[in-house]
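Asker: my questions concern the predicted model and sequence given below.
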Amino acid sequence: MSDIIYGRNTLIEAFKSGRSIEKVFMLNTIRGELEIQIRKECKNNNIPLAKVPEIKLKELAGQHAVHQGIVAIIPAITYVDYRQLIQQSVNSDRTPLIVVIDSVTDVRNIGAIARSAYFFGAHGLIISGNTSGRVNEEAVKASAGALLQLPVARAGSIYELISDLQASGIIVAATSLTKSIPVSTCDLTESVAIILGSEGAGLHYKVLEIVDYSIEIPAVNVFDSLNVSVAAGILLYETARQRTQVK
């Protein structure tokens, strides 16, 4: 179960103990050594940090809590280091398959994506973006418990993550509606990481410039894009289909 902790010393001690932290919220007027220290800790541990107004901190910690401008969320799951996840997939006896979601905000979508990823044999799920939804009880429920079985990691920088994936010999395929190729024409039997963007904006154009290729799911009718969790399920099915045929 996820929980809330607050207060400057409490958070610093949580960092020192190596406790898993989902996200840190800091009062937007805090400056100086404290801000620098918290930013550094969050960056080193791939923890999203949000600068927020007082009203948001009271909403999280409670109206009468002495939060000292700091609130943090303890996750419902234990995260793994994303570099360790990549290495484990490379060393696996199965061809690496990693799912990456960037700035996906709806926790039910996160849960549904994790469910499909686990069902189709992905080695893990990597979450990036400071605006990503929390992996809370609702996400775990939407995943039908898959989030408790599937390795889940976080990446502070989507660009650094892509570089690390490619350096490990993993092809990076991103979903896009422009300058993309049909997923059925892609060779997904090789080591691959599939990146899906946020529900509204999708992936940033700079991300699309550095991936190995962009893929799309062909539509029969002219319509808006698919829900991100539905798209993930289709792409993972196609990956599993191709790999099964090769065997």
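Answerer: Here it is on my side, so go on.
Asker: C-alpha only now, for contacts and for neighbours.
Answerer: Noted.
Asker: test my guess that residue 48 contacts residue 26.
Answerer: No: in this structure residue 48 lies outside contact range of residue 26 using C-alpha atoms under 8 Å: 10.9 Å.
Asker: ok, residue 47 - contacts?
Answerer: Neighbouring residues of residue 47 by C-alpha atoms under 8 Å, 6 or more residues apart in numbering: 21, 22, 23, 24, 154, 155, 156.
Asker: distance of it from residue 126?
Answerer: Here the distance between residue 47 and residue 126 works out to 13 Å (C-alpha to C-alpha, to the nearest Å).
Asker: overlap of the contact sets of the two?
Answerer: 154, 155.
Asker: quick one, domains of the protein?
Answerer: Segmentation of the chain into domains, based on automatic domain parsing, reads 3-74, 80-246.
Asker: buried deepest among those domains, which one?
Answerer: Stretch with highest mean neighbour count among these: domain 80-246 (a mean of 18; mean count of other C-alpha atoms under 10 Å).
Asker: pull the contacting residues for the nearest residue to residue 228 once chain neighbours are set aside.
Answerer: Nearest residue to residue 228 in three dimensions, chain neighbours excluded: residue 199, at 6.1 Å (C-alpha to C-alpha, 6 or more residues apart in numbering). Under the criterion of C-alpha under 8 Å, 6+ apart, the contact partners of residue 199 comprise 104, 105, 227, 228.
Asker: need the residues you listed in JSON lines with secondary structure, can you?
Answerer: Written out in JSON lines, the entries for the contacts of residue 199 read as follows (DSSP: H, G, I helix; E, B strand; the rest coil):
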{"residue": "104", "secondary structure": "coil"}
{"residue": "105", "secondary structure": "coil"}
{"residue": "227", "secondary structure": "coil"}
{"residue": "228", "secondary structure": "helix"}
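Asker: which one of those is nearest residue 160?
Answerer: Nearest to residue 160, judged by C-alpha to C-alpha, of those is residue 104 at 18.2 Å.
Asker: and the domains of the chain as JSON lines, adding mean pLDDT?
Answerer: Putting these into JSON lines (pLDDT from 0 to 100) gives the following:
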{"stretch": "domain 3-74", "mean pLDDT": "91"}
{"stretch": "domain 80-246", "mean pLDDT": "94"}
